[in-house]
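Novice: structure of the sequence below:
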Amino acid sequence: MAAQPVARLESAKVCGTEVGCLPDIDKRLRFLLLAALTILAAWLRFSGIGFGLPDQFRPDEEMMVPLALDFEKDWNPHLAIYPAAQTYLVHGALRSYATLTRAGNDLHAVYGADNGARAFLFARRISAIMGTVTVPVIYMAAEPVFGPGAALVSAAIVTVAYIHVRESKFAKVEAPAGLWLAVSILMMLRITSRGHWRDYVLASVFCGLAAATHYTAGAIAISILVAHLETCLRKDRRVLTALLDPKIYLSGVVTIVTFLCVDPYFVLDWHQTLETFKSMRAAYRMWNGGHSPAGFGWPWLLGLAMPSGFGIGLEIFLMAALLWVVFHARPGAFALLAFIVACFLSVTNGHPQLEFRYLINPLLAMALLGGIFAVDLTALACSRIGTRLGLLVAGSAGILLMTPSMMRDVQLNWLLHQTDTRTIAAKWMVEHIPPTTPIVLRSEERRVGKECRSRW
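Specialist: Sure, this is the predicted structure:
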């Protein structure tokens, strides 16, 4: 209860002296808007989710779904490129569905027909569900600390963000890790306003789950530390005292224990883990020195990855939001900034380019800061030109900002509903090329050739 007056004081300071006040949003209207965003998020993520099946054209899905089926024989994934949490989750869902429908105990027999399309579609739907649920979680993270207006804007950004919509459609780890990351952020922000033991514990549990789903999502641990320091300094406690606080050490222990409980073979099969990371390091070194075909470092991030993943307009808005909160900070803002900086450094400093989908991690934190920025600009407009006109201008600007992302999402869904050209090529080869004819295959087309030969 003591934390509530502090939250009101911070809100009054921002509202009264910096940017002006905004009218409160009715609770029923908040619920309806959030429900609409969640429904829109679900439609965008589930549309076209069967793309390419029963062929397996989406890279890296074969590292999860077949493993999830193989856990019947061995719980060791024998693969450390991705942590095992999401694979275990998919296995549990496949096993539960087979049990409930009395389809049988042999998962390969239950899901193996049609090149395993049913299992792949099941795993994709799990990703889409987790990606959709991330939207209301982002709202819940922002609303108590930054207000309902900022929370709705943050949720809207995640709803239409192209990179998040795209990655939520496939049996991958980035979007599912984003859900655990969002819940960890929710609890991390509670640390800045309440600082209870349970806030530290829950933030750390979900940090461990995020890291056990996708290693890079574990960088949210940095935010938990910064949030702890920020809270202690706001209470006039010294940095040394804050660093000796047992709560932050409990947080670290809980994170590690959670990670190892969900991905135990990271340690139990340490040889496999070392060999995997050695091979990944060798692959990374191949692109060092700017030799990547797509670019390298900050030019790649700012000039290619973020425009492609966010859209140029949204990128500019979110980067401006980062600068804005440096000078108009809220409780928890610097913790979010620390996480974003860590994510940026991971894809620019000392490493080759990483995949575009890695931007899901900073996107979630940037969306929260974007919500602050949008509400502050709206409040400034209302204080200058009047509330009604200010809200009208802000709403129009928001629609213009979100429309390009929405258009790209719809275009993606239309494209994914089309028959993949590789499927067309495979069918043509089966129908027109004699079985004994040699075929030259390259990279991804190798799987198409295998499928053709199996049909022959």
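
Novice: and the gap between residue 395 and residue 252?
Specialist: Counting by C-beta to C-beta, to the nearest Å, the gap from residue 395 to residue 252 is 44 Å. Any C-beta I mention is one placed from the backbone N, CA and C, and that applies to glycine too.

Novice: find the residue at the geometric middle of this protein.
Specialist: residue 178 (3.1 Å; C-alpha atoms, centre = their mean).

Novice: can you tell me the helix or strand for that residue?
Specialist: In this assignment (DSSP states H and E), residue 178 forms part of helix 174-193.

Novice: returning to what we had before: between residue 395 and residue 252, who's got more neighbours?
Specialist: Using other C-beta atoms under 10 Å, the more surrounded residue of residue 395 and residue 252 is residue 252, with 15 against 11.

Novice: the more buried one reaches residue 204, doesn't it?
Specialist: Yes. Under the criterion of C-beta atoms under 8 Å, residue 252 makes contact with residue 204 at 7.4 Å.

Novice: find the residues that touch each one of these two.
Specialist: residue 221 (C-beta atoms under 8 Å, 6 or more residues apart in numbering).

Novice: looking only at pLDDT, what's the mean for the longest helix along the chain?
Specialist: When the chain is parsed with DSSP state H, its longest helix is helix 113-146. For helix 113-146, the mean pLDDT works out to 94.

Novice: tilt between the very next helix or strand once past it and helix 113-146?
Specialist: Note on helix 113-146: by DSSP H and E, the next helix or strand toward the C-terminus is helix 148-160. With axes from the mean of the first three to the mean of the last three C-alpha atoms, to 10 degrees as the basis, helix 148-160 and helix 113-146 are set at 160 degrees to each other.

Novice: helices or strands up against helix 148-160?
Specialist: Helix 148-160 is packed against helix 27-46, helix 113-146, helix 360-385, helix 387-416, with contacts defined by 3 or more C-beta pairs under 8 Å, 6 or more residues apart in numbering; DSSP states H and E.

Novice: where do the helices of the stretch 201-350 of the chain begin and end?
Specialist: 220-234, 239-243, 246-262, 265-268, 270-286, 297-300, 306-310, 312-327, 333-348 (DSSP state H, counting those that start in this stretch).

Novice: and those: which comes nearest residue 170?
Specialist: Smallest distance to residue 170 across those (C-beta to C-beta): 15.0 Å, for helix 306-310.

Novice: one step back: residues in contact with the residue nearest to the centre of the chain?
Specialist: Neighbours of residue 178 in contact, by C-beta under 8 Å, 6+ apart: 130-131, 134, 164, 217, 360-361, 364.

Novice: which one of the residues you listed is nearest residue 339?
Specialist: Nearest to residue 339, judged by C-beta to C-beta, of the contacts of residue 178 is residue 361 at 7.8 Å.

Novice: my read is that that closest one contacts residue 181, right?
Specialist: Yes. Contact between residue 361 and residue 181 holds when scored by C-beta under 8 Å: they sit 6.4 Å apart.

Novice: these two: who's more crowded?
Specialist: Counted by other C-beta under 10 Å, residue 361 and residue 181 do not tie: residue 181 has more neighbours, with 31 against 26.

Novice: and that one, how far from residue 208?
Specialist: 11 Å.

Novice: okay, now residue 235: neighbour count?
Specialist: By the other C-beta under 10 Å criterion, the neighbourhood of residue 235 contains 11 residues.

Novice: no wait, residue 75
Specialist: Residue 75: 13 neighbours (other C-beta under 10 Å).

Novice: got it, and residue 201?
Specialist: Residue 201 sits with 18 neighbouring residues when counted by other C-beta under 10 Å.

Novice: just residue 66 next, same as before
Specialist: 15.

Novice: helix or strand: which one has it?
Specialist: Per DSSP H and E, residue 66 falls inside helix 65-70.

Novice: run through the neighbouring helices and strands of that helix.
Specialist: helix 85-100, helix 107-111, helix 113-146.

Novice: which of those is buried the deepest?
Specialist: Stretch with highest mean neighbour count among the helices and strands packed on helix 65-70: helix 113-146 (a mean of 22; mean count of other C-beta atoms under 10 Å).

Novice: so how far is that one off the chain centroid?
Specialist: 10 Å (C-alpha atoms, centre = their mean, to the nearest Å).

Novice: ok, residue 309 - contacts?
Specialist: Contacts of residue 309 (C-beta under 8 Å, 6+ apart): 161-163, 356-357, 359, 363.

Novice: apply 6 Å and report the result again.
Specialist: Residues in contact with residue 309 (C-beta atoms under 6 Å, 6 or more residues apart in numbering) are 163, 356, 359.

Novice: redo those as CSV? Include pLDDT and distance to residue 348.
Specialist: Converted to CSV, those look like this (pLDDT from 0 to 100; distance: C-beta to C-beta, whole Å):
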residue, pLDDT, distance to residue 348
163, 96, 17
356, 82, 14
359, 93, 12
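
Novice: of these - the most surrounded one?
Specialist: Ranking those using other C-beta under 10 Å puts residue 359 first, with 25 neighbours.

Novice: not counting sequence-adjacent ones, nearest residue to that residue?
Specialist: The shortest distance from residue 359 to any residue other than its chain neighbours is 4.6 Å, reached at residue 309 (C-beta to C-beta, 6 or more residues apart in numbering).

Novice: and the pLDDT at the one you found?
Specialist: Residue 309 is assigned 93 on the pLDDT scale.

Novice: just for the stretch 251-400 of the chain, where's the confidence low?
Specialist: By pLDDT under 70, the weakly predicted segments of the stretch 251-400 of the chain are 283, 285-293, 350-354.

Novice: and the gap between residue 92 and residue 68?
Specialist: Residue 92 is 9 Å from residue 68, by C-beta to C-beta.
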